[in-house]
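Please work out how this folds:
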Amino acid sequence: MEYIPAKSIVNRTKDPSWFGTEYNMNIYRGCCHGCIYCDSRSDCYHNEDFDRVKAKADALRIIRDDLESKVKVGVVGTGSMSDPYNPFEEKLQLTRRALTLLEAYGFGVAIATKSDLIVRDADVLASINRTMPAICKITLTTCDDALAAKVEPHAPSPSRRLAAVERLSAAGLFTGILMMPILPFLEDRPENIRDIVNRAADAGARFVYPALGMTCRAGQREYFYRKLEEHFPGQGLTEKYQRRYGPRYECASPKARALWEVFQEACNRRGMLYSMGRIVTASRRGHETDQLSLF
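Got it, this is the predicted structure:
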């Protein structure tokens, strides 16, 4: 494991509306899941060796000092730039020990991950959840293990992720699905959307939050197109993206409006939350916090 320097790790977010996160925390840099669409590959993040995971040196001391310096407690998001449950975390346990620090200092947490390793820390998350929100967000763009093996080649399969949702939900944790990105021309089918919602509901998820499309910018775009040609040869997918989106950053599915209606109907039928405001409110229900008024 390579360690890189850091001055601060727990930092204020610009917009707390994203799952109610007032702070952000990334202990690792880079990711080895190999997702062909990852926005964090973009040139603007200046991470040329993105597929190589690095950890921030002396991370736990820095996190402790950061938390001690905060005037106000809040929910700390993690998983925005690097999965906190990469394979190295199983041995290093930096994420687990960071969670124990959040608990000790009275902070909540909102975790985004594609890994079922999060289940290991259900005990710490349950302790946090006694006084502050502990939100578990599992990313799922398809329930098809074979398709996922092409677009997210080194991440745990959708079947494993859904099993993790079931175990976290059974432990009483506020758990749901990040249904993003839904890749145009690959995953933007009504049956895929319904399948994700239904499988999530069957596993006990409380919410599904969608993005019916993807982002695409310099660095990320070139890698994505290269992998489309590698994993889906002869399907003309690169040409479809180039004709439809050109250099655009936001690449909404051409079927986004119709898919939203399918998604909304499926969520309403299964009793799933999908509005950010309602998700945040539900995650904080039962926790005494003056930040609920923000939403």
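
need the contact list for Pro210.
Applying CB atoms under 8 Å, 6 or more residues apart in numbering, one finds that Pro210 lies in contact with 179-180, 182, 193, 260, 263, 274. Just so you know, the C-beta spots here come from the backbone N, C-alpha and C atoms, and that holds for glycine as well.

can you pick the most crowded of those residues?
Neighbours here mean other CB atoms under 10 Å. Within the contacts of Pro210, the largest count is held by Ile193, at 28 neighbours.

Just the C-alphas of the helix or strand containing that residue, formatted as PDB.
Assigned by DSSP states H and E, Ile193 belongs to helix 190-202. The C-alpha coordinates for helix 190-202 follow below in PDB (Å, rounded to 0.1, in the frame of the first residue of the first chain):
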ATOM      1  CA  PRO A 190     -37.800  -0.400 -18.400                       C
ATOM      2  CA  GLU A 191     -37.200  -4.000 -17.300                       C
ATOM      3  CA  ASN A 192     -33.900  -3.100 -15.800                       C
ATOM      4  CA  ILE A 193     -35.400  -0.300 -13.800                       C
ATOM      5  CA  ARG A 194     -38.200  -2.400 -12.500                       C
ATOM      6  CA  ASP A 195     -35.900  -5.200 -11.700                       C
ATOM      7  CA  ILE A 196     -33.600  -3.000  -9.600                       C
ATOM      8  CA  VAL A 197     -36.600  -1.500  -7.700                       C
ATOM      9  CA  ASN A 198     -38.200  -4.900  -7.100                       C
ATOM     10  CA  ARG A 199     -35.000  -6.600  -6.000                       C
ATOM     11  CA  ALA A 200     -34.100  -3.700  -3.700                       C
ATOM     12  CA  ALA A 201     -37.600  -3.800  -2.100                       C
ATOM     13  CA  ASP A 202     -37.400  -7.600  -1.700                       C
END
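
Please point out which parts of that helix sit buried.
Residues 192-197, 199-201 are the ones in helix 190-202 that count as buried (16 or more other CB atoms under 10 Å).

circling back to that earlier point, which one of the contacts of Pro210 is nearest Tyr85?
Met180 (17.7 Å; CB to CB).

which residues does that closest one contact?
139, 141, 209-211.

most neighbours, which of those?
That'd be Thr141 among the contacts of Met180, by other CB under 10 Å, with 27 neighbours.

SS state for the residue nearest the centre of the chain?
Most central in the chain under CA atoms, centre = their mean is Ala112, positioned 3.3 Å from the mean C-alpha point. At Ala112 the chain is in strand, as set by DSSP: H, G, I helix; E, B strand; the rest coil.

so what's it up against?
77-80, 83, 137, 139, 178.

do Glu90 as well
Per CB under 8 Å, 6+ apart, neighbours of Glu90: 117, 120.

ok so, going back, nearest to His33, of the buried residues of helix 190-202?
Nearest to His33 among the buried residues of helix 190-202, with distances taken as CB to CB, is Ile196, at 18.4 Å.

how about the closest one, what does it touch?
140-143, 177, 179, 208.

got CSV for those, with distance to Gly108, pLDDT and secondary structure too?
Compiled in CSV, these are given as follows (distance: CB to CB, whole Å; pLDDT from 0 to 100; DSSP: H, G, I helix; E, B strand; the rest coil):
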residue, distance to Gly108, pLDDT, secondary structure
Leu140, 23, 97, coil
Thr141, 26, 97, coil
Thr142, 30, 97, coil
Cys143, 29, 97, coil
Ile177, 20, 98, strand
Met179, 23, 98, strand
Val208, 21, 98, strand
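
if we can go back for a sec, from Ile36, how far off is the residue nearest to the centre of the chain?
Using CB to CB, to the nearest Å, Ala112 is found at 18 Å from Ile36.

what about Ala148, neighbour count?
Quick note: Ala148 (other CB under 10 Å) scores 22 neighbours.
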